[in-house]
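Q: Pasting the sequence and the predicted model now:
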Amino acid sequence: MSTKASTTLRRALLYVPSSSPKFLEKSRSLTVDTVSYDLEDSVTPSMKAPARTNILQFLSQPRPPHITELSVRINAVSSGLALDDLSTVLQAPNLDTLVIPKVNRASDLHFITDVLRQKLPKRHSEGSANPIKIIALIESAESIMNLNEICGASPYLSGLIFAAEDFALDLSLTRTPSLTEFLYARSAIATAARAHNLPSTIDLVCTSFRSPEGLKTLEEECLQGKGLGFNGKQCIHPSQVEIAQKAFAPGEKEVEWAVRVVVGDEKADVGGRGAWTLEGKMIDVPVVGKAKATVERARRCGIDIDAIMEKWKHQEPE
């Protein structure tokens, strides 16, 4: 796993409607990897213009202290509203990322890329200390068929999001608790993103959050998504964030194993050994690469790696 892919952290992406100054202000107190201030689905047509003004004002104020990434979900290119959205939000000094809905083909991202190059040349993806990023929402059968072209469509592209409700509507599917009806689409998204070295794959929204059962469903969905290759989840309520961020952080046993591999490999390297074993399992270059990525991700999730390193400092390659 490349450094780029392992160090971008979007375990939870929380939507906040830009039409509500109250919700915008409330978001200031949140602790979350990514907030996506919404100009699309949660904003009625008559509120689009005020919502743009709200989000420009909000993202021109000091950054919220505990939100790592500030993004805005604009309206789809096909809606005819995207250019007005971009003309306003690209003025915001604290904008990190654009979330683009209904990306059906590569040309949708070509349009966004051209506007970014024109309006924000200093934040180009190459050579900028603070490049602007794009995350694309995959919402239709057409977009699944065009994934390869979409993934290669823009140097700004930093991840894919699966929009299950729109996808279900497009294919006339009924969502079931097992989510098996989405297996092909989710696997295709995770695989395409990996093939193109995109850092983020953000899974479908969990519609339950009101009760302990709802939060248990959320956790199960997160772990299922992680098992399919996703590394984050869309959230529609602040109560979902903590569970998603815990689920998409490396687990305790996973981190411990990774640390043991890294410590043992350093010693094997000094001894000139290319492959070695740990508890009867062969450790070679791909295993070490994955372990290093896990350790790096765990560190970024706030896990005390130094303490675990200290515990296993005597680990020897077998």
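A: Sure, I can see it.

Q: So what's the predicted local confidence for the residue in the chain sticking out farthest from the centre?
A: Ranking residues of the chain by C-alpha distance from their mean position (Cα atoms, centre = their mean) puts G271 at the top, at 39.1 Å. On the pLDDT scale, G271 is placed at 84.

Q: Over to T294?
A: According to the prediction, T294 has pLDDT 92.

Q: Contacts only, for it.
A: Contacts for T294 were tallied using Cβ atoms under 8 Å, 6 or more residues apart in numbering; they are P250, E254, V255, A258. The C-beta positions use only the backbone N, C-alpha and C, and glycine is treated the same way.

Q: Could you rerun that using 10 Å?
A: Contacts for T294 (Cβ atoms under 10 Å, 6 or more residues apart in numbering) come out as M1, S6, P250, G251, E254, V255, W257, A258, V259, V261, V262.

Q: can you list contacts of whatever helix or strand A168 lives in?
A: Applying DSSP states H and E as the criterion places A168 in helix 164-171. For helix 164-171, the external contacting residues (Cβ under 10 Å, 6+ apart) are 41, 101-102, 104, 137-144, 163, 173-175, 179, 181-182, 185-186, 203-207, 234.

Q: what about the nearest residue to C235 once chain neighbours are set aside, how many neighbours?
A: Among residues not flanking C235 along the chain, L14 sits closest, at 4.4 Å (Cβ to Cβ, 6 or more residues apart in numbering). By other Cβ atoms under 10 Å, 22 other residues sit near L14.

Q: got it, and R10?
A: Using other Cβ under 10 Å, R10 has 27 other residues around it.

Q: Quick check: chain neighbours aside, which residue is closest to it?
A: Spatially, and ignoring its direct neighbours in sequence, R10 is nearest to G232 (4.3 Å; Cβ to Cβ, 6+ apart).

Q: Could you pull up the residues touching the nearest residue to H196 once chain neighbours are set aside?
A: Counting by Cβ to Cβ, 6+ apart, C151 is the residue found nearest to H196 once chain neighbours are left out, at 3.8 Å. Applying Cβ under 10 Å, 6+ apart to C151 gives the contacts 106, 109, 136, 157, 160, 189, 192-198.

Q: Buried ones among those?
A: The neighbour count (16 or more other Cβ atoms under 10 Å) marks A106, L109, A136, L157, L160, I189, A192, A193, H196, L198 as buried among these.

Q: all strands of this structure, in order?
A: Taking DSSP state E as the test, the strands found in the chain are 12-17, 32-38, 67-73, 97-100, 133-138, 157-162, 200-203, 232-235, 276-278, 281-283.

Q: Please tell me how far the last one is from the chain's geometric centre.
A: Right, the one you point to is strand 281-283. Put simply, strand 281-283 sits 31 Å off its chain's centre (Cα atoms, centre = their mean, to the nearest Å).

Q: For the residue nearest to C235, list the residues it contacts.
A: Going by Cβ under 10 Å, 6+ apart, L14 touches 27, 30, 32-37, 67, 233-238, 240-241, 244.

Q: Check which helices and strands the lengthiest helix in the chain sits against.
A: Ranked by residue count under DSSP state H, the longest helix found in the chain is helix 252-270. Helix 252-270 sits against strand 276-278, strand 281-283, helix 285-300, helix 305-311, with contacts defined as 3 or more Cβ pairs under 10 Å, 6 or more residues apart in numbering; DSSP states H and E.
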